[in-house]
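1. below: sequence and its predicted model.
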Amino acid sequence: MKNICFSSLVTVFQERITPEEGYLVGYAGILYAYDLRVPVPDMLSIISHKHKHYKTTEWRVFTPRYRPDDTLIGHLTFALKYEGIELCLLKKLFEKLDAAELARLIVEEPTGQYRRKIWFLYEWLMDARLNLPDMTAGNYIDLVDTSIQYGSTSSVEKSKRQRIRNNLPGAREFCPMIRKTDLLDQYIALGLSKEIKDMIGGIHPDVMARTAAFLLLKDSKASYAIEGERPPQNRAQRWGRAIGQAGQRPIAKAELIRLQQIVIANPRFTKMGFRQQEGFIGEHDRRYGTPIPDHISARWKDLELLIDGLIETGQKLEVEHDFDAVLAAAMIAFGFVFIHPFVDGNGRIHRYLIHHVLLRKEYVAKEMIFPVSAIILERLDEYRKILEEFSMPRLNLIDWKLDESNNVEVLNETIDLYRYFDATKQAEFLYSCVQQTIEQTIPDEVDYLEKYDRLKDYLDNYFEMPDKTVALLIRFLEQGRGKLSERAKSKEFGALTPDEVTRIEEKYSEIFEAE
């Protein structure tokens, strides 16, 4: 360990251009020194020659006084102090280290907080004990620095051995992490949960019920459209009813299978239940049938551990009242779709889980389902990019070959790629969708229904039209931008006089086109 060089002077590292020449430090130095095959953290650090401390979208730049000893402990300490906890990277590092040598380094300063954290993380990630005696004195310290990353607040386990409070937000088998960013802090400070509850409280119950019903069906159709499908009305309504039940049952393996059975109307050509084969998302070469993957799913033999871990983490986050609901939904829902446990139906169940977690954590009132899929459909390119942020860096880390059925056969251990990942970008995207829903989508739909009711009341009072005729008339007016077509005036609404048509068009304009 002593002869390894960490602080290489670089201008480019891992295909990233540094904002200025600097020495690799922290996780970047460890990646360089040990040539680890892991997804590169979203943010890396360098020590510059200048006395200016700043950050860009990919780099933290520190001044020379922050430069640590050029040793493993020096760079690990820097990483934990300034960059947070990168579980996947640490796991791969620990797999390369000699346990006895690491124990010797820790025992040099066993009460130091960062050596205690390294000690705890080694034993937690490796599920193995270092040859070190338990601590008998010293204050307890939090494992996760909550000024850098979001951690647990109430479901905190104390480890007497290292005198550590384990405030990781997840379980050993599934623990995504989310970095604190200015954007996420701004979203959380908006108090969107209270805003939507206050909004619902001020809307007539009938209008709210109709809004919820419309958005539920719209969301169901959008969830299929995202997958490139156009289901018949009854199938969309069936999935809409399932979404309407989100949050009522705890997530369990049987519940996930039940949801898949609702999603897949015709199971004759789909192997139902958890995969017993490898999987990928992408295309096959037209000539040879070779897979061209955009995403490679978790190995099917790892699914039991991963899904058990996801369920355990979901249950933990549900009772963490101070852990933000949207962050929890991002961790669980995106974690599920990255694992991709089914042959088909993963995307729709992934979006269902967003509803589920928000409702279980009482972020929204039970009578309102967020039309998350409808928002995602509007922002499909952005959504795909967020999925690729996870998938693309992992493609180069997964060794595979073609099997006899033109599927991928994964050759190396990949489980840690799916249980330990940074969900910050996914959380920021989901929060932006939630904000759009609360500040635009729901108010727009409520406003439309209130205007619809005003015009309907007018038509009822002056023309005594049946509800179906009113609906048809308003639809024609919308299509004609407030004017009835000559065809409609001569056919469906031939009973109206020209003067009556003018009055109706003027009333429509007064209600729907007024600022």
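-> It's in.
2. would you map the helices across the stretch 351-500 of the chain?
-> Along the stretch 351-500 of the chain, counting by DSSP state H, counting those that start in this stretch, helices occupy 372-378, 380-395, 415-419, 424-436, 442-463, 467-479, 486-490, 498-512.
3. quick one, domains of this structure?
-> Split into domains by automatic domain parsing, the chain comes to 9-97, 193-267+333-436, 445-512.
4. mean confidence for the longest one?
-> The average pLDDT for domain 193-267+333-436 rounds to 91.
5. how about the shortest one?
-> Model confidence over domain 445-512, given as mean pLDDT, is 91.
6. chain center to stretch 442-460: distance?
-> 35 Å (CA atoms, centre = their mean, to the nearest Å).
7. same check, this time on stretch 366-379
-> Worked out by CA atoms, centre = their mean, stretch 366-379 lies 14 Å from the chain centre.
8. next, the distance between the ends of it.
-> Taking CA to CA, to the nearest Å, stretch 366-379 runs 26 Å from one end to the other.
9. got the buried residues for it?
-> Across stretch 366-379, burial judged by 16 or more other CB atoms under 10 Å covers 368-377. No exception for glycine: its C-beta is placed from N, CA and C like everyone else's.
10. roughly how far does the closest residue to Leu417 other than its chain neighbours sit from Cys88?
-> With sequence-adjacent residues excluded and distances taken as CB to CB, 6 or more residues apart in numbering, Leu417 is closest to Arg394, at 5.1 Å. Taking CB to CB, to the nearest Å as the measure, Arg394 falls 10 Å from Cys88.
11. repeat that for Asp185.
-> For Asp185, the distance to Cys88 - CB to CB - is 25 Å.
12. which one's more surrounded, these two?
-> Neighbours per residue, other CB atoms under 10 Å: of Asp185 and Cys88, the larger number sits with Cys88, 22 against 9.
13. now name the helix or strand holding that one.
-> helix 87-96 (DSSP states H and E).
14. list of residues touching that helix?
-> Applying CB atoms under 8 Å, 6 or more residues apart in numbering, the contact partners of helix 87-96 are 27, 30-31, 34, 36-39, 41, 102, 121-122, 125-126, 175, 177, 416-417, 420-421.
15. do the same with stretch 179-190
-> 42-43, 84, 146-150, 178, 324, 326-327, 422, 424, 427-428, 431-432, 434-435.
16. same thing with stretch 137-145?
-> Contacts for stretch 137-145 (CB under 8 Å, 6+ apart): 80-81, 84-85, 111, 113, 116-117, 120-121, 150-152, 156, 158, 163-169.
17. in PyMOL, how would I select the buried members of those?
-> Buried residues among the contacts of stretch 137-145 (16+ other CB under 10 Å), as a PyMOL selection:
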select buried, resi 80+81+84+85+113+116+117+120+121+150+151+152+156+163+164+165+166+167+168+169
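18. and the average pLDDT for the longest strand seen in the chain is what?
-> Longest strand of the chain, by residue count under DSSP state E: strand 16-25. For strand 16-25, the mean per-residue pLDDT is 96.
19. each with direction, which strands does it pair with?
-> Paired with strand 16-25 in the same sheet, following DSSP bridges, are strand 9-13 (antiparallel), strand 44-48 (antiparallel).
20. most tightly packed of those strands?
-> strand 44-48 (a mean of 23; mean count of other CB atoms under 10 Å).
21. after that one, which helix or strand is next?
-> Taking DSSP H and E, what comes next after strand 44-48 is strand 54-55.
22. from the chain's centroid, how far away is that following strand?
-> Chain-centre distance of strand 54-55: 26 Å, with CA atoms, centre = their mean.
23. from the contact counts, what lies against the helix or strand following it?
-> From strand 54-55 onward toward the C-terminus, using DSSP H and E, the following helix or strand is strand 59-62. Secondary-structure packing of strand 59-62 (3 or more CB pairs under 8 Å, 6 or more residues apart in numbering; DSSP states H and E): strand 16-25, strand 44-48.
24. just checking, Met135 touches Pro110?
-> Yes. Between Met135 and Pro110 there is a contact at 6.9 Å, judged by CB atoms under 8 Å.
25. quick check: neighbours shared by the two?
-> Contacts common to Met135 and Pro110, judged by CB under 8 Å, 6+ apart, are Arg116.
26. who are the contact partners of Ile203?
-> Neighbouring residues of Ile203 by CB under 8 Å, 6+ apart: 211, 446.
27. of the contacts of stretch 137-145, which belong to strands?
-> Per DSSP E, these map to strands at 158, 164-166.
28. quick check: closest non-adjacent residue to Arg454.
-> Ile511 (5.2 Å).
29. wait, the one you found sits on Asp457?
-> No. Using CB under 8 Å, Ile511 makes no contact with Asp457, being 10.1 Å away.
30. looking at these two, which is more packed in?
-> Neighbours around Ile511 and Asp457, counted as other CB under 10 Å, are more numerous at Ile511. The numbers are 15 against 11.
31. got a list of what that one touches?
-> Counted by CB under 8 Å, 6+ apart, Ile511 has contacts 451, 454-455, 458.
32. for stretch 392-404, buried residues please.
-> 393-394, 397-398, 400.
33. what about the residue lying closest to Phe174 once chain neighbours are set aside, neighbour count?
-> In space, and not counting its chain neighbours, Phe174 is closest to Gly309: 3.0 Å by CB to CB, 6+ apart. The local packing of Gly309 (other CB under 10 Å) involves 21 other residues.
34. next, Gly309: secondary structure please.
-> Of the three states, Gly309 takes helix under DSSP: H, G, I helix; E, B strand; the rest coil.
35. for Ala33, give its distance to Gly26.
-> Ala33 is 11 Å from Gly26, by CB to CB.
36. comparing those two, which residue is more hemmed in?
-> Taking neighbours as other CB under 10 Å, Ala33 and Gly26 compare with Gly26 leading, 30 against 20.
37. which residues touch Leu417?
-> By CB under 8 Å, 6+ apart, the residues touching Leu417 are 39, 88, 298, 394, 397-398.
38. from Ser297, how far off is it?
-> 11 Å.
39. and Lys55, by the same measure?
-> Applying CB to CB, the value for Lys55 to Ser297 is 34 Å.
40. compare those two (neighbour count), which wins?
-> More crowded of Lys55 and Ser297, by other CB under 10 Å: Ser297, with 28 against 12.
41. for the residue nearest the centre of the chain, give me phi and psi.
-> Centrality entry for the chain: nearest residue to the mean C-alpha point is Ala330, 2.9 Å, by CA atoms, centre = their mean. Phi and psi for Ala330, reported as degrees, to the nearest 10, are phi -60, psi -40.
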